[in-house]
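In: can you look at this prediction? I've put the sequence above it.
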Amino acid sequence: MPTSPDILSEILLRGVHKWYGSYHALDDINLSIAPREKVVICGPSGSGKSTLIRCVNRLEAHQEGQILVGGVELDGDERKAEAIRREVGMVFQQFNLFPHLTILENCVLAPMWVKKMPRREAREIAMHFLNRVRIPEQADKYPGQLSGGQQQRVAIARALCMNPKVMLFDEPTSALDPEMVKEVLDTMVELAGEGMTMVCVTHEMGFARQVADRVIFMDQGRIVEEGQPEDFFARPKSERASLFLSQLLH
Amino acid sequence: MIGRLILSYPDAARRTGGLLILALTTLGLYALGVSSAWLGYLAPPAAGWLDENPALGRFVAALLISLIVAANWKALQQLSRRQQIIGVWIELFALLMLFFFSFDLSFTFIAKKIGFLITQGVTTTLYISAISIVIATIIAFIGAIAKLSKNGVVYGLATFYTSLFRGLPLLMQIYIIYLGLPQVGYVISAVPAGIMALSLCYGAYMTEIFRAGIESISRGQTEGATALGLSPSQTMGLVILPQAMRVIIPPTGNQFIAMLKDSSLVSVVGVWEIMYLARTLGQTEFRHIEMLITASMIYWVLSMGLELIQSRIEERFGRFNAR
Ligand SMILES: Nc1ncnc2c1ncn2[C@@H]1O[C@H](COP(=O)(O)OP(=O)(O)OP(=O)(O)O)[C@@H](O)[C@H]1O
Ligand SMILES: [Mg+2]
């Protein structure tokens, strides 16, 4: 269901298409996400979930349609893309921490170089967020010395240090050992409580139930279904979504 | 079958193996025609017997050498790892010196000339190499970025450059630059021509090293940095290069050592570096071998200096890998 153009939306996609060569990865995506809204995207592997959120901060370029973030259109102008990336934090499945820098250095890098923040201030902010994700005592270690769950929480803190309006999560818990999933999800739940706009690709249904305002189900590059989590999980409308959910449960 | 035997009698197997190696070394030395003259020096009474039985004498010599080597090996096994390393270095160095002494060198001649060889030759070699190293590194970095570029023109330029300068012998490059550039109206003196040839040649090799280093860093690192808002050049300088350094430094150290020695080629255009001086100083009194060995030793010492610097830098960039 295409959303009507809405200047109040934080993220707006209108008729977005993307091809990898001849492969149609995103097929006519229309989506509007309001400020402070929490959206969970799910769907089978290869359905285009990562591609979709990576288009939002232009790690991938779309070829047709419009993408606006905070009212700024991603139209190929690199400066606009960089401006948007300053407002949009991203957390990856593989953490993507910088292994040659300590935890603290990972966190102060972008504030110091992108926002030209003085080192002292950047360190204070970094320590604030490391406290929030409950690993201030690891600040001087290197990422390789931390567990996966700790690394992912650092990655979240690192993104938060830029004070973003929007946070994008691409399967943040699927590279983690089961016992570490909870600590990362707890951090995300807390974050959700603070009014951040969040777009999460995840298959953690408990998390989706708890925080999502809306669940979006994708298949073959299209948004097949969207709805509130209770409705979507209890009564999926499409056959593909019910099949997907039944596979997820078993 | 043999495997089972070795497994059931490990001690016996080890001893048999040791004896086998000893026998093979002895036979090898014998076959290579090892001299038995040294037995005569050590034990003069045996000299007569050696003259009468040359083949047997040769065999005894081979056996004795094998035994000495074996005993040496055993003795070294008693030491700690560090002592073993130092021991091996001292022994091999002593053998090398013995080899040189066997040339009957005139040390007074070496002592007379070495001062100038160092003040003039080493200084020139060092500054030609140092400047070339800096320029080659800059070229390599630019070349690597160009080779990773999506722009066809830039990529074409970079591949042509690396192909040409890796493909021509360095000696030709030196001649072509020194003799060829004046033809197109640009007169260049010997030292700049040498520096230019060395920089361009080694820049081409190092372009490949830098490119491979940069490409070895996973795409996730670039994406992580980009998503944080870092510009492409910040991403390169703050995230990719510092990590690529670990891959880049060891082969680059090799290149620097090779370049140091290849700087001897610029002697052909008359630059007064180590090689040129060694040749000309040796010629005057027909003491070539003295000067060549001295020059070789100087190159070796300089290379060891570079090795030392390399391991320091490696330590610095390898830090984050320590657990
Ligand atoms: N760089 C690329 N080049 C070519 N094809 C790609 C590229 N990136 C993704 N694709 C293809 O696009 C499709 C969608 O990929 P995407 O990563 O968005 O899927 P996904 O929904 O995130 O799947 P997963 O759950 O496995 O992460 C896949 O079929 C994938 O093979
Ligand atoms: Mg994905």
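Out: Cool, got the structure. Ligands and ions are numbered 1, 2, ... in the order given.

In: for chain B, what's its nearest residue on chain A.
Out: Per CB to the nearest CB, residue A:96 is where chain A lies closest to chain B, at 3.2 Å. (C-beta placed from N, C-alpha, C; glycine too.)

In: just the element for the closest residue in space to that residue that isn't next to it in sequence, please.
Out: Leaving out its chain neighbours, the residue that sits closest to residue A:96 by CB to CB, 6 or more residues apart in numbering or on different chains is residue B:224, at 3.2 Å. Element membership of residue B:224, judged by DSSP states H and E, is helix B:219-227.

In: burial measure for the residue nearest to residue A:96, as a count.
Out: Residues lying near residue B:224 (other CB atoms under 10 Å in any protein chain shown) number 27.

In: now do it against residue A:94, distance only.
Out: According to CB to CB, to the nearest Å, residue B:224 stands 9 Å off from residue A:94.

In: in the following helix or strand past the helix holding residue B:224, what's buried?
Out: Counting by DSSP H and E, the next helix or strand C-terminal to helix B:219-227 is helix B:232-234. For helix B:232-234, a neighbour-count test (16 or more other CB atoms under 10 Å in any protein chain shown) marks residue B:234 as buried.

In: tell me what helix B:232-234 is packed against?
Out: On a contact count with 3 or more CB pairs under 8 Å, 6 or more residues apart in numbering or on different chains; DSSP states H and E, helix B:232-234 meets no helix or strand.

In: can you name the next helix or strand after it?
Out: According to DSSP H and E, the helix or strand after helix B:232-234 is helix B:241-262.

In: name the helices or strands packed onto the next helix or strand along the chain from that following helix?
Out: Counting by DSSP H and E, the element after helix B:241-262 in chain order, helix or strand, is helix B:274-284. When contacts are defined as 3+ CB pairs under 8 Å, 6+ apart, helix B:274-284 sits against helix B:107-116, helix B:123-147, helix B:288-318.

In: again, only using 10 Å
Out: Secondary-structure packing of helix B:274-284 (3 or more CB pairs under 10 Å, 6 or more residues apart in numbering or on different chains; DSSP states H and E): helix B:107-116, helix B:123-147, helix B:241-262, helix B:288-318.

In: and it with helix B:107-116, angle?
Out: 140 degrees (axes from the mean of the first three to the mean of the last three CA atoms, to 10 degrees).

In: tell me which residues in helix B:274-284 are buried?
Out: Per 16+ other CB under 10 Å, helix B:274-284 contains these buried residues: B:274, B:275, B:276, B:277, B:278, B:281, B:282.

In: what's the answer for stretch B:60-72, then?
Out: B:60, B:61, B:62, B:63, B:64, B:65, B:66.

In: quick one: secondary structure of the fifth one?
Out: Read that as residue B:64. For residue B:64, the secondary-structure state derived from DSSP: H, G, I helix; E, B strand; the rest coil is helix.

In: residues contacting it?
Out: Contact analysis of residue B:64 by CB atoms under 10 Å, 6 or more residues apart in numbering or on different chains lists B:26, B:29, B:34, B:36, B:38, B:39, B:42.

In: and residue B:133, by the same measure?
Out: Contacts of residue B:133 by CB under 10 Å, 6+ apart are B:198, B:199, B:202, B:206, B:252, B:255, B:256, B:259, B:260, B:263, B:306.

In: go through those and name the one nearest ligand 1.
Out: residue B:206 (30.1 Å; CB to the nearest ligand atom).

In: burial check on the closest residue to that closest one other than its chain neighbours, number of neighbours?
Out: With sequence-adjacent residues excluded and distances taken as CB to CB, 6+ apart, residue B:206 is closest to residue B:140, at 3.4 Å. Using other CB under 10 Å, residue B:140 has 26 other residues around it.

In: now the strand or helix carrying residue B:82 against helix B:107-116, angle please.
Out: With elements taken from DSSP H and E, the one containing residue B:82 is helix B:81-101. Helix B:81-101 and helix B:107-116 are oriented at 110 degrees to each other (the same axes, to 10 degrees).
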